[in-house]
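Novice: Here is my input, please return the structure:
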Amino acid sequence: MQSGVNAVFPAAVLSVKQGGETIFHRAYGYLDPETRRLPAQLNTLFDLASLTKLFTATAFMTLVDAEKVTLQTPVADVLPQFAGRRPISATEDPLTKTPVPPDPEFAGQMVNAADVTFQHLLTHTSGLAAWRSLYKTLADKAPVPLPTEVTPEKRRARIAPIYGDYGFAYPPGAKMIYSDLGFILLGEAVAQLMGMPLDACIRQAVLQPLGSNAVFNPLRNAFPVETIAPTEICAWRKRRCLGEVHDENAASLKGVAGNAGLFGPAETVAALGALFLNGGAYREKRILSPESAIQMTRLQVNSDDNPRGLGWQLRPQIGASCGNYFNPASFGHTGFTGTSLWVDPERQLVAALLTNRVYYGRNPAGISEFRPRLHNAIIRRGR
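Specialist: Presented below is the predicted three-dimensional model:
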């Protein structure tokens, strides 16, 4: 961890649990690496980035347990505006934001949105594109507004193309492509089914039972700036992100989306991992049924050694970010800002790493090399 400070990230917190007990919990670095007046604390809030997807998926599965929806329910049954036949067409690269031509195997085919189920969304097999720049669909006057300044009307207008305009990348179930768009839809479905905004849904269904203070839009919710790890100087916003979600699409959706937007401490992320080691319960509070907890971490699809459960990534055979020693049954997820959560059920081990590596830019080389090295060290330390 010390080797990563300033080289990979300015600030980080590592929390490791085993057998339900915290065995390692330390903070590293500074939130202000230039002045070094604000050391990272154990309770520092980090932008969890795509770890948000795990909380969205868990909230959805509580609705499955409550028999309000099933995995095979068509998304259009809950979100009727997600409808119509659309072509398989060009999409967009999530990193470069450049056009991606359609796969020749499927080009010219038509897809009926009614064929997409929630199982497809949770396993990234819906056929929806990996990414489309929703944040560019409406012109904003400079400077770009803070997420909380986005009007509900603009939020609805930005999501609308997913419902009825964007083409598909491939037929549902034909391939696995990690899709932010799919989890944005999943979040909207959770909100619709629970009858309240998504941030309130996740707070009620997951965060409160975990005893967590994780939150969307932390500044709006009275968290002081000195308790939040800043991220990148964003080229779109032309400012360093502090307390506003790094993901541009989530930011343009009022900072609350199914794919990104949650801020939290390492303890919250570790607690979520512990939930899945304990059959869906945490500290005697049941959040999920044992059946749902098992199903989420069981192999559902595997495409090009990218095995997936429901929301969770399973350990691949080659190039796992959890390193060389986590057991084959391990499951986890990563976040673009430099976050990760990995769970080894055979060891009853949870490793939650939160960093703000994008403070230094978007090049993934540093964090990609660091994550497996760290997880290897965790296992070696425990031997």
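Novice: Identify the residues contacting the helix or strand residue 76 falls within?
Specialist: The secondary structure element spanning residue 76 is helix 75-78 (assigned by DSSP states H and E). Helix 75-78 is contacted by residues 69, 82-83, 113-114, 116-118, 120-121, 126, 185, 189, 192-193 when judged by C-beta atoms under 8 Å, 6 or more residues apart in numbering. Using the backbone N, CA and C atoms, a C-beta is placed for each residue, glycine as well.
Novice: Okay, strands next: where are they in the stretch 1-150 of the chain?
Specialist: Assigned by DSSP state E, counting those that start in this stretch, the stretch 1-150 of the chain shows strands spanning 11-18, 21-29, 46-47, 85-87, 91-92, 99-100, 110-112.
Novice: for these, which one ends up most surrounded?
Specialist: The highest mean neighbour count among these, using mean count of other C-beta atoms under 10 Å, belongs to strand 46-47: a mean of 32.
Novice: Could you pull up the residues touching residue 193?
Specialist: Counting by C-beta under 8 Å, 6+ apart, residue 193 touches 63, 68-69, 78.
Novice: how close does it sit to residue 147?
Specialist: For residue 193, the distance to residue 147 equals 24 Å [C-beta to C-beta, to the nearest Å].
Novice: what does residue 331 give?
Specialist: For residue 331, the distance to residue 147 equals 30 Å [C-beta to C-beta].
Novice: sorry, back to before: now rank the contacts of helix 75-78 by neighbours and give me the top one.
Specialist: residue 126 (31 neighbours; other C-beta atoms under 10 Å).
Novice: Could you tell me the per-residue confidence at the nearest residue to that one once chain neighbours are set aside?
Specialist: Counting by C-beta to C-beta, 6 or more residues apart in numbering, residue 126 lies nearest to residue 120, which is 3.9 Å off, once chain neighbours are set aside. Looking at residue 120, its pLDDT reads 98.
Novice: Kindly report the same for residue 381.
Specialist: Confidence for residue 381, expressed as pLDDT, is 86.
Novice: do you know which of the strands of the stretch 1-150 of the chain lies nearest residue 220?
Specialist: strand 46-47 (14.4 Å; C-beta to C-beta).
Novice: Need the residues that contact that closest one.
Specialist: If you take C-beta under 8 Å, 6+ apart as the criterion, strand 46-47 is touched by 13, 229, 231, 241, 245-246, 260, 263-266, 335, 337, 339, 354-356.
Novice: With stretch 156-167 instead?
Specialist: Residues outside stretch 156-167 that contact it (C-beta under 8 Å, 6+ apart) are 79, 81-84, 86-91, 102, 111, 128-129, 132, 134-135, 137-138, 181, 184-185, 188, 249, 252-253.
Novice: For it, buried residues please.
Specialist: Neighbour-count burial for stretch 156-167 flags 158-159, 162-163, 166-167 (criterion: 16 or more other C-beta atoms under 10 Å).
Novice: Identify those among these that sit within helices.
Specialist: Judged by DSSP state H, the subset of those located in helices is 158-159, 162-163.
Novice: With pLDDT and distance to residue 8 as new columns, can the residues you listed be given to me in a markdown table?
Specialist: Conversion of those to a markdown table gives the following (pLDDT from 0 to 100; distance: C-beta to C-beta, whole Å):
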| residue | pLDDT | distance to residue 8 |
| --- | --- | --- |
| 158 | 95 | 33 |
| 159 | 96 | 34 |
| 162 | 97 | 34 |
| 163 | 97 | 39 |
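Novice: now these as JSON lines including distance to residue 49?
Specialist: Shown next, in JSON lines, are those (distance: C-beta to C-beta, whole Å):
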{"residue": "158", "distance to residue 49": "19"}
{"residue": "159", "distance to residue 49": "19"}
{"residue": "162", "distance to residue 49": "20"}
{"residue": "163", "distance to residue 49": "24"}
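Novice: biggest separation within these, which pair?
Specialist: By the measure C-beta to C-beta, 158 and 163 form the most distant pair in those, at 10.9 Å.
Novice: Please read off the pLDDT at the spatially most central residue of the chain from the model.
Specialist: The residue lying closest to the centre of the chain (C-alpha atoms, centre = their mean) is residue 50, at 2.0 Å. Looking at residue 50, its pLDDT is 98.
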